[in-house]
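**Student:** Return atomic coordinates for the entry below.
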Amino acid sequence: MQNYRLNDRTAVLLILFFACASIIPMALLGIPDGFDLLQHVRFANAYLTSWSVGDLVPVWGGNDNSGFGSIGIRFYPPLSYLVLSIAREIFGNWYDAFWTAMLFWLAAGCIGIYFWAREWLTPPYALFASLLYCVAPYHTFQIYQAVLYAESAVAGILPFCFLFLTRLCRRQQTLDAILFSISLTLLLLCHIPSTVIGLSCLFLYGAFLTERQHFGATAIKAGSAFAGALLASAFHWVKVVSEIGWVMHNKPEFYSSGYYDFHRYFFPLYLINPLNRYIEKMLWELDLIIIISMIFFVPSSIFLVTRLRRIFTPPAIYRPHIGLLVGGVFSLFMLSSVSSFLWDWLPVLPKIQFPWRWLIVATAFGPVCLVVLLSDLAKFANRRVLVYAAAAFTMILILYSVTQNILQSNPLSREVFTRQVSEMDSTEACSCWWPVWATSAAKDQHEQVASGARPVTIEKWSAADRSFSVDGGKPSNATVATFWYPYWQATVNGSPVNVEANSSGAITLPLPAEKSDVHLYFLEPFFVRAAGYLSLITWIGIIATLLSIWRNGRLTAKLAVVN
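**Tutor:** Alright, predicted model coming up:
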């Protein structure tokens, strides 16, 4: 491979070609149908609705559940839906927006893998690692079978986290710490379960990669980067932490019982799950994907075991090789039944729901680990044999991804997908994103505001700001067709009134006998607004620091030329 001339620019163009080839079936045949497909569109649509009234981040999913709303948008991180919403604004329809957003995240992840591998390898080897990542079975499973949109976005970000952590461990430079912090911020703003998985593997990988003499300096810079990421993403996670007890998704029924019981999804999945045929098929395929993911690490394990006596001596390639192998094996351990005692002991793990989600890390480590080994073996082994073996393994991955994931997907044509999206507001969204006090009985009310015999006139009705008037009559309560949440506030004729939940979880508020002008609005508490300003200030600081480094770098370059 080293005999071929290839620069980074050409490699990136080839990566874009690989990514486009992987997503073309979705663009031409249809968007794969998945359990959460419409929920992803609902979340993204909430951003479009919010932008129409001048708010960057929505506070309430006003169109969901026939207008009763949902709070999922307050818990699901915003980044992937910002990208999907921007794509919708560009293309004008959700069909093209969805497949182009998937293409964006796939291409980003493959480019991240390439530059991560470039830390040790020449462009041809790094390009090969990127290709393996592109066609990895779990990656195509995410896209075409389960339609895990937010997790696919994490697959586009996580390689950059490992890339900049690698650079930080090797060089201890401020620029690498800042870029690592930005990558961590994007990870925190993408998908909560994947963030938990990614952070644990980043810590383990960094610990193995860092040289002993640089451990203190690296730990300080990495810790500062993580602190910066927490500040930059505070506008979101502050809401999650403070309100987690108010969402159905936090109840045990969504992570430790029934279909969502995490005990049922340890490897081997198929053998321990007597479920219906569809679920059996999915679990059987996940078992195969896990086995294939294990194969990525088998050659490296054998290679390093045979060199135990020289493991911490030159060549320096051993240290990253060990870090890659340990990170990948750890992720595979965490998805197997052997790790079940940890899941029972650490309360945060069950809320990941599905242990096989750890494949997102194994899929990132695997290609880089395998190609690092190939580059090492090429120094003394028969290169032709290595090329044939690598080509055969790549073809197996491609054939599996095409035959088992792409061709066996359930694509929705443009017309069917468009129709389902147009009807989604009138269908019930996942109850996991309802407030814990909400019930289906609330939706028996079909009018936006019910106030007995008193006529109601709607003057304004947006997701988080409503105004209506109620004619005079006997004092009564008005019931609004919206789930109650503690941050709903209201005034009647300019005076504040209590906003409460009725027995079904819908909003109810008192009305006097005279004509009542009601203003109902969603008001974030002070600490959430303060967290938003803190994040804004942090981002300004990050951008200013990057500009300063860039300007100083240009000045240094000019001085070098003059001298």
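
**Student:** how about K351, what does it touch?
**Tutor:** 193, 250, 255 (Cβ atoms under 8 Å, 6 or more residues apart in numbering). No exception for glycine: its C-beta is placed from N, CA and C like everyone else's.

**Student:** can you pull the buried residues of the strand or helix carrying F17?
**Tutor:** Per DSSP states H and E: F17 is located in helix 8-29. Across helix 8-29, burial judged by 16 or more other Cβ atoms under 10 Å covers 11-12, 14-15, 18-19, 22-23, 25-27.

**Student:** And for stretch 228-245?
**Tutor:** So, applying 16+ other Cβ under 10 Å, buried residues of stretch 228-245: 228-239, 243.

**Student:** What segments of the stretch 151-300 of the chain are helices?
**Tutor:** Using DSSP state H, counting those that start in this stretch, the helices assigned to the stretch 151-300 of the chain run over residues 174-188, 192-209, 215-232, 234-243, 277-295, 298-305.

**Student:** Contacts made by the third one with the rest, please.
**Tutor:** Helix 215-232 is contacted by residues 165, 168-169, 172, 174, 176-178, 180-182, 184-185, 187-188, 206, 210, 237, 534-535, 538-539, 542 when judged by Cβ under 8 Å, 6+ apart.

**Student:** how far off helix 174-188 does that helix point, in degrees?
**Tutor:** Orientation check (axes from the mean of the first three to the mean of the last three Cα atoms, to 10 degrees): helix 215-232 against helix 174-188 gives 50 degrees.

**Student:** now helix 215-232 against helix 234-243, angle please.
**Tutor:** 80 degrees.

**Student:** then helix 215-232 to CSV, C-alphas only?
**Tutor:** Provided in CSV are the C-alpha atoms of helix 215-232 (Å, rounded to 0.1, in the frame of the first residue of the first chain):
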residue,chain,number,x,y,z
PHE,A,215,0.4,11.9,32.2
GLY,A,216,-0.1,15.0,34.5
ALA,A,217,0.0,17.6,31.7
THR,A,218,-2.3,15.5,29.5
ALA,A,219,-4.8,14.9,32.3
ILE,A,220,-5.0,18.6,33.1
LYS,A,221,-5.6,19.6,29.4
ALA,A,222,-8.1,16.8,28.9
GLY,A,223,-9.9,17.7,32.1
SER,A,224,-10.0,21.3,31.1
ALA,A,225,-11.4,20.3,27.7
PHE,A,226,-14.1,18.2,29.3
ALA,A,227,-15.0,21.2,31.6
GLY,A,228,-15.2,23.4,28.6
ALA,A,229,-17.5,20.9,26.9
LEU,A,230,-19.8,20.9,29.9
LEU,A,231,-20.0,24.6,29.9
ALA,A,232,-20.6,24.9,26.2
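
**Student:** ok, of the contacts of K351, which one's closest to N477?
**Tutor:** N250 (29.6 Å; Cβ to Cβ).

**Student:** Output the contacts of K351 in TSV; the columns should cover pLDDT.
**Tutor:** As requested, these are exported to TSV (pLDDT from 0 to 100):
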residue	pLDDT
P193	93
N250	88
Y255	84
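
**Student:** possible to save these as TSV with distance to G72?
**Tutor:** TSV is the format used below for these (distance: Cβ to Cβ, whole Å):
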residue	distance to G72
P193	14
N250	12
Y255	15
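
**Student:** quick one: which of the residues you listed is nearest A490?
**Tutor:** Distance to A490 across the contacts of K351 (Cβ to Cβ) is lowest for N250, with 26.9 Å.

**Student:** For that closest one, which non-adjacent residue is closest in space?
**Tutor:** Take N250 and drop its neighbours on the chain: the residue closest to it by Cβ to Cβ, 6 or more residues apart in numbering is I244, 5.2 Å away.

**Student:** Isn't the one you found up against V238?
**Tutor:** No. Assessed by Cβ atoms under 8 Å, I244 is found out of contact with V238, at 11.1 Å.

**Student:** doesn't Y138 make contact with L288?
**Tutor:** No. Between L288 and Y138 there is no contact under Cβ under 8 Å: 10.3 Å.

**Student:** So for those two, which residue has more residues nearby?
**Tutor:** Neighbours of L288 and Y138, each counted by other Cβ atoms under 10 Å, are more numerous for Y138; the result is 27 against 15.

**Student:** Look at that one and give its secondary structure.
**Tutor:** Put simply, Y138 is helix when judged by DSSP: H, G, I helix; E, B strand; the rest coil.

**Student:** show me what contacts it?
**Tutor:** Y138 sits next to 289, 293, 359-360, 362-363 when contact means Cβ under 8 Å, 6+ apart.

**Student:** again, only using 10 Å
**Tutor:** Residues in contact with Y138 (Cβ atoms under 10 Å, 6 or more residues apart in numbering) are 145-146, 148, 151, 155, 286, 289-290, 292-293, 356-357, 359-360, 362-364, 366, 401, 405.

**Student:** And N552, by the same measure?
**Tutor:** With contact set as Cβ under 10 Å, 6+ apart, N552 has no partners.

**Student:** Could you measure from it over to P350?
**Tutor:** N552 sits 48 Å away from P350, taking Cβ to Cβ, to the nearest Å as the criterion.

**Student:** Same check on Y133?
**Tutor:** On the measure of Cβ to Cβ, Y133 and P350 end up 29 Å apart.

**Student:** Repeat that for S224.
**Tutor:** S224 is 31 Å from P350, by Cβ to Cβ.

**Student:** Of the two, which one has the most company?
**Tutor:** Neighbours were counted for S224 and for P350 using other Cβ under 10 Å; P350 has more, 18 against 15.

**Student:** Surely the more buried one and S256 touch.
**Tutor:** Yes. Under the criterion of Cβ atoms under 10 Å, P350 makes contact with S256 at 5.3 Å.

**Student:** overlap in contacts of those two?
**Tutor:** 262-263, 343-344.

**Student:** Let me know the closest of those residues to F522.
**Tutor:** F262 (33.4 Å).

**Student:** Please give the number of neighbouring residues around that closest one.
**Tutor:** 19.

**Student:** Can you report phi and psi for the closest residue to it other than its chain neighbours?
**Tutor:** Nearest non-adjacent residue to F262, counting by Cβ to Cβ, 6+ apart: P350, 5.0 Å away. Torsion angles at P350 (phi, psi; degrees, to the nearest 10) stand at phi -60, psi -30.

**Student:** Numbering from 17 from now on, please.
**Tutor:** Right, with 17 as the first residue, what we last looked at is P366.

**Student:** what about G239, how many neighbours?
**Tutor:** There are 11 residues near G239, going by other Cβ under 10 Å.
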